[in-house]
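# requesting a structural model of the entry that follows:
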Amino acid sequence: MAEFTPLDVTCVNTIRTLAMDAVQKANSGHPGAPMGLAPVAYTVWNRFLTYDPAHPLWPNRDRFVLSNGHASMLLYSLIHLAGIKNVDEHGKTLDEPSLPLEQLKHFRQLNSKTPGHPEHEYTAGVETTTGPLGQGVGNAVGMAIAQKWIAGYYGRPGFEGLFDHRVYAICGDGCMMEGVASEAASLAGHLKLNNLTLIYDDNTITIDGHTDLAFSENVAARFEAYGWNVLRVNDGNDLDGMQKALDGAKKSTDRPTLIVQKTLIGYGAPNKQNTHGAHGEPLGPDEIKLAKKAYGWPEDSSFLVPDGVYDHFKAGIGKRGGDAFAAWTKQFAEYKAKFPEQAAQLEAIERRELPPGWDKGVPVFPADAKGLATRESSGTVINALAKTIPWIVGGSADLNPSTKTFMKGEGTFTATTPAGRNIHFGVREHGMGSIMNGMALAGLRSYGSGFMIFSDYGRPPIRLAAIMNLPVFYVFTHDSIGVGEDGPTHQPIEQIMSLRAIPGLIVLRPGDANEVAEAYKVAVQSKHAPVVLAMTRQALPTLDRTKYAPASGLAKGGYALNDVPKPDVLLIATGSEVALALDAGEKLAAEGIKARVVSLPSWELFDKQSQEYRDSVLPPSVTARVCVEMGGAFGWERFAGLTGAIIGMRSFGASAPLKDLLPHFGFTTAAVVAAAKKQVGK
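The predicted structure follows:
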């Protein structure tokens with residue numbers, strides 16, 4: 001590569017000053033990290049990143065992740081200077097910049113394209129939403145896994161250049177302290193993801209002050225123990241050193257690479273560099289002038305982009321990416337002519353579409369009074385879908401025998417078998433979630449599984465999936481006190497309700513095997529929302545659908561199971577409690593009390609239906625209501641009303657066989673019947 005020139009240094013200082021000016025104008029933000037990281041990020045973008053600014057959604061583009069998302073002005077400055085084009089809501093590239101200079105001037109303002117932390121689907125050039133520290137590291141690992149899998153599954157001799165992109169990520173001290181980054185990095189080392197380069201901004205400053213207050217470990221040694229290739233650059237302004245390190249990362253054939261980069265936070269600001277004062281607040285006009293003076297910059301300038309800077313980026317990342325895109329487009333046309341089925345699948349992946357006939361193998365389960373656990377029927381359905389949707393890829397947090405989510409005959413994803421579709425995430429729920437998000441950002445239909453109680457360990461990436469509108473899906477089994485003898489530490493109480501509280505997340509708690517099949521149809525058809533499927537450990541009856549309403553009613557979130565036009569009382573239940581409500585309904589009918597039994601597996605889907613439909617299922621005039629769920633009672637008031645009864649958990653569970661737990665906590669037919677009679681005054 002060419003030697004660095006004074007113009008390269010000017011580009012670096014442009015990034016720094018744009019960040020300072022934007023934070024100062026907003027009177028809010030984090031200027032210090034962009035000032036220290038500018039040389040590193042510039043080198044990655046203008047010397048290494050294969051990315052066509054004119055085609056920001058090109059499938060084989062290199063990915064760049066800013067895990068320490070508080071340094072967002074670093075990324076926004078790069079997007080602006082590189083001239084990345086805007087993209088509409090349908091993914092079409094527009095002939096306009098993603099971030100014109102005016103958007104940098106509106107940093108952190110309402111409805112700007114430059115929010116405080118980078119947001120995916122909001123600003124072209126932002127590959128993932130970051131801010132919660134460490135999540136971006138996991139996302140980058142997921143993107144690297146996705147690249148390996150796509151290359152392994154769809155690659156053909158002579159077409160290696162179609163699937164050879166790399167993943168670059170920058171993280172900070174905070175990311176390194178967060179456990180999620182450690183979980184993801186450990187798995188990345190195990191999988192030997194040599195397409196991943198992580199740059200650690202070792203500036204030794206956090207909000208409280210210097211990291212020696214709480215952090216003294218040898219990060220490089222830790223990553224070496226994970227199986228990473230570790231390189232060091234001891235001067236944050238050493239462009240040549242960074243270039244050599246990035247070259248070294250590309251040459252690593254059997255390990256991911258960590259580059260430990262020593263920087264000075266707030267570099268150039270004489271009174272604030274290397275202090276926490278440069279971290280999370282504007283530098284102030286006087287300090288900005290002094291920093292600009294140190295850079296040889298016009299001190300009274302604001303949002304200055306000197307002559308030659310745009311052209312230099314155009315000649316760097318622009319030309320390199322444009323040439324690569326043109327070559328890729330030509331090669332993909334050849335691939336498409338030779339492998340039309342695979343090419344069509346790749347195009348469907350990009351559009352988040354499903355292949356024709358994807359649902360032809362979804363089973364219909366016969367009525368069975370004994371039935372089976374919904375985790376069992378779930379395993380049957382996911383294996384059926386695996387045969388028709390090749391890009392479903394996922395696994396469990398070391399619980400496949402319990403969650404039943406292993407795809408039989410589909411192989412395991414490893415360093416030597418990258419086309420395998422089963423991923424062993426290990427006991428890493430948090431890392432699993434962040435990795436799943438990265439895989440989904442690359443187009444795969446990623447899933448993960450575990451016990452419902454441990455959804456707490458992976459909640460942050462679930463929330464981020466909802467923010468990003470990512471169609472990941474979770475299979476959480478052992479969804480209630482039905483866990484039995486394992487006791488309160490393993491019996492979820494508040495978890496389902498807390499998941500329902502996440503905006504944009506669809507929670508499905510199916511009541512029998514055929515509702516499970518319908519739940520999976522919802523999950524795989526979702527394009528813009530994550531889905532949680534809550535499954536039982538214990539067996540549930542498979543309902544006779546000639547007697548009760550079709551399970552397809554699940555798609556509307558809630559539906560009446562029995563035909564009771566003018567009910568005296570409504571029995572509303574989810575999951576394993578649906579059968580209990582039906583049994584109670586039959587006993588009430590025998591006593592002349594008309595009970596409509598409603599299966600309500602998804603509050604979110606039910607809320608999306610018309611008011612007319614919702615009223616037809618839950619008539620407002622019927623105030624006698626009993627809601628039944630083996631979880632926290634909190635929240636059921638919206639369906640029970642002011643006078644309705646709620647049979648739920650108001651404490652933690654207990655260690656005992658299920659047959660003893662049910663009467664102990666009031667989940668019996670007699671208890672539901674008694675509550676219903678009280679509701680109707682009998």
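
# what segments of the stretch 351-500 of the chain are strands?
368-373, 392-396, 422-424, 445-451, 473-477 (DSSP state E, counting those that start in this stretch).

# quick one: the third one to chain centroid distance?
Averaged C-alpha coordinates place strand 422-424 at 17 Å from its chain's average position (CA atoms, centre = their mean, to the nearest Å).

# by contact count, what packs against it?
Applying 3 or more CB pairs under 8 Å, 6 or more residues apart in numbering; DSSP states H and E, one finds that strand 422-424 contacts strand 392-396. All C-beta atoms are positioned from the backbone trio N, CA, C, and that covers glycine.

# let's have the strands of the stretch 351-500 of the chain in a markdown table, adding mean pLDDT and distance to Asp300.
Listed next are those as a markdown table, based on pLDDT from 0 to 100; distance: least, CB to CB, whole Å:
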| stretch | mean pLDDT | distance to Asp300 |
| --- | --- | --- |
| strand 368-373 | 97 | 71 |
| strand 392-396 | 98 | 54 |
| strand 422-424 | 98 | 55 |
| strand 445-451 | 98 | 51 |
| strand 473-477 | 98 | 54 |
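
# nearest to Asp254, of those strands?
Asp254 lies closest, by CB to CB, to one member of those: strand 422-424, at 19.2 Å.

# what comes into contact with that closest one?
With contacts defined as CB atoms under 8 Å, 6 or more residues apart in numbering, strand 422-424 is touched by 145, 393-396, 398, 400, 406-407, 410-413.

# which among these end up buried?
Buried members of those, counted by 16 or more other CB atoms under 10 Å: 145, 393-396, 398, 400, 406-407, 410, 413.

# looking at these, which is nearest Lys25?
Distances from Lys25 to the buried ones among the contacts of strand 422-424, taken by CB to CB, are shortest for Ile145, at 39.5 Å.

# part of a helix, is that closest one?
Yes - assigned with DSSP: H, G, I helix; E, B strand; the rest coil, Ile145 falls within a helix.

# Pro601: neighbour count?
Neighbourhood size, Pro601 [other CB atoms under 10 Å]: 30.

# Val516 is in contact with that one, correct?
No - Pro601 is not in contact with Val516 according to CB atoms under 8 Å; the separation is 9.7 Å.

# shared neighbours of the two, which are they?
Both Pro601 and Val516 are contacted by Pro510, under the criterion CB under 8 Å, 6+ apart.

# run through the residues that contact the residue lying closest to Gln491 once chain neighbours are set aside.
In space, and not counting its chain neighbours, Gln491 is closest to Gly653: 3.5 Å by CB to CB, 6 or more residues apart in numbering. The contact partners of Gly653, taken as CB under 8 Å, 6+ apart, are 481, 483, 487-488, 491, 493, 661, 665.

# kindly recompute the last result at 10 Å.
Gly653 sits next to 480-484, 486-493, 630, 661, 664-665 when contact means CB atoms under 10 Å, 6 or more residues apart in numbering.

# Thr257 now?
Shown in contact with Thr257 (CB under 10 Å, 6+ apart): 168, 193-199, 223, 228-231, 245-246, 248-251.

# what residues are bridge-paired with it?
Thr197, Asn229 (DSSP bridges).

# could you do the one 4 residues further on as well?
Counting by DSSP bridges, Gln261 forms beta bridges with Asp201, Val233.

# so it is in contact with Pro39, correct?
Yes - with contact defined as CB atoms under 10 Å, Gln261 counts as touching Pro39 (9.0 Å).

# any common contacting residues for those two?
Common neighbours of Gln261 and Pro39, counting by CB under 10 Å, 6+ apart, are 233, 235-236, 238, 241-242.

# which among the residues you listed count as buried?
Of the members of those, the ones counted as buried by neighbours, 16+ other CB under 10 Å, are 233, 236, 238, 241-242.

# can you list those in CSV and add pLDDT and secondary structure?
Shown next, in CSV, are those (pLDDT from 0 to 100; DSSP: H, G, I helix; E, B strand; the rest coil):
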residue, pLDDT, secondary structure
Val233, 98, strand
Gly236, 96, coil
Asp238, 97, coil
Gly241, 97, helix
Met242, 97, helix
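
# closest to Val23 out of those residues?
Nearest to Val23 among those is Gly236, at 19.1 Å by CB to CB.

# neighbours around the residue nearest to the closest one when sequence neighbours are not counted, how many?
Counting by CB to CB, 6+ apart, Gly236 lies nearest to Thr263, which is 3.3 Å off, once chain neighbours are set aside. Neighbour count for Thr263, taken as other CB under 10 Å: 27.

# who are the contact partners of the residue lying closest to Arg421 once chain neighbours are set aside?
By the measure of CB to CB, 6+ apart, the closest residue to Arg421 outside its immediate chain neighbours is Glu410, 4.0 Å from it. Counting by CB under 10 Å, 6+ apart, Glu410 touches 383, 386-387, 390, 392-393, 419-422.

# from those residues, which two are the most distant?
For these, with distances taken as CB to CB, the pair at the greatest spread is Asn383 and Ala419 (17.6 Å).

# just send the contacts of strand 422-424 back as TSV, with distance to Leu618 too.
Converted to TSV, the contacts of strand 422-424 look like this (distance: CB to CB, whole Å):
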residue	distance to Leu618
Ile145	44
Val393	39
Gly394	35
Gly395	38
Ser396	36
Asp398	41
Asn400	38
Phe406	39
Met407	38
Glu410	42
Gly411	46
Thr412	46
Phe413	45
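
# how much space is there between Phe332 and Pro340?
Phe332 sits 12 Å away from Pro340, going by CB to CB, to the nearest Å.

# same check, this time on Asp201
For Asp201 relative to Pro340 (CB to CB), the value is 45 Å.

# can you point out the buried residues in stretch 167-177?
For stretch 167-177, by 16+ other CB under 10 Å, it's 167-177.

# out of these, which is nearest to Ser377?
Looking across those and measuring by CB to CB, the closest to Ser377 is Val167, at 36.7 Å.

# and that closest one, bridged to which residues?
Under the criterion used (DSSP bridges), Val167 bridges to Arg63, Leu196.

# quick check, it in contact with Leu193.
Yes - counting by CB under 10 Å, Val167 touches Leu193, with 8.2 Å between them.

# which neighbours do those two share?
Residues touching both Val167 and Leu193 by CB under 10 Å, 6+ apart: 140-141, 143-145, 147, 256.

# select from those residues the one having the most neighbours.
Neighbour-wise, these (other CB under 10 Å) top out at Ala140, 35 neighbours.

# give me the element it is part of.
Taking DSSP states H and E as the criterion, Ala140 maps to helix 135-154.

# and if you look at Thr114?
Using DSSP H and E, no helix or strand contains Thr114.

# distance check, the nearest residue to it once chain neighbours are set aside against Ala415.
Once flanking residues are discounted, Thr114 sits nearest to Phe107: 4.6 Å by CB to CB, 6+ apart. Counting by CB to CB, the separation of Phe107 from Ala415 is 42 Å.

# of the two, who's got more company?
Phe107 (24 against 13).

# in contact with the more buried one, which residues?
The contact partners of Phe107, taken as CB under 10 Å, 6+ apart, are 18-19, 21-26, 28-29, 72-73, 76, 113-116.

# buried ones among the contacts of Gly653?
Neighbour counting by 16+ other CB under 10 Å classes 480-484, 490-493, 630, 661, 665 among the contacts of Gly653 as buried.

# now stretch 86-95, how far from the chain's geometric center?
The answer for stretch 86-95 is 22 Å, by CA atoms, centre = their mean.

# quick check: mean pLDDT of that stretch?
Stretch 86-95 carries an average pLDDT of 93.

# end to end, how far does that stretch reach?
Here the two ends of stretch 86-95 are set 7 Å apart, with distance taken as CA to CA, to the nearest Å.

# next, the buried residues of that stretch.
Neighbour-count burial for stretch 86-95 [16+ other CB under 10 Å]: 86-87, 93.

# just the ones of those residues in helices?
For the buried residues of stretch 86-95, not one is inside helices, with DSSP state H as the criterion.
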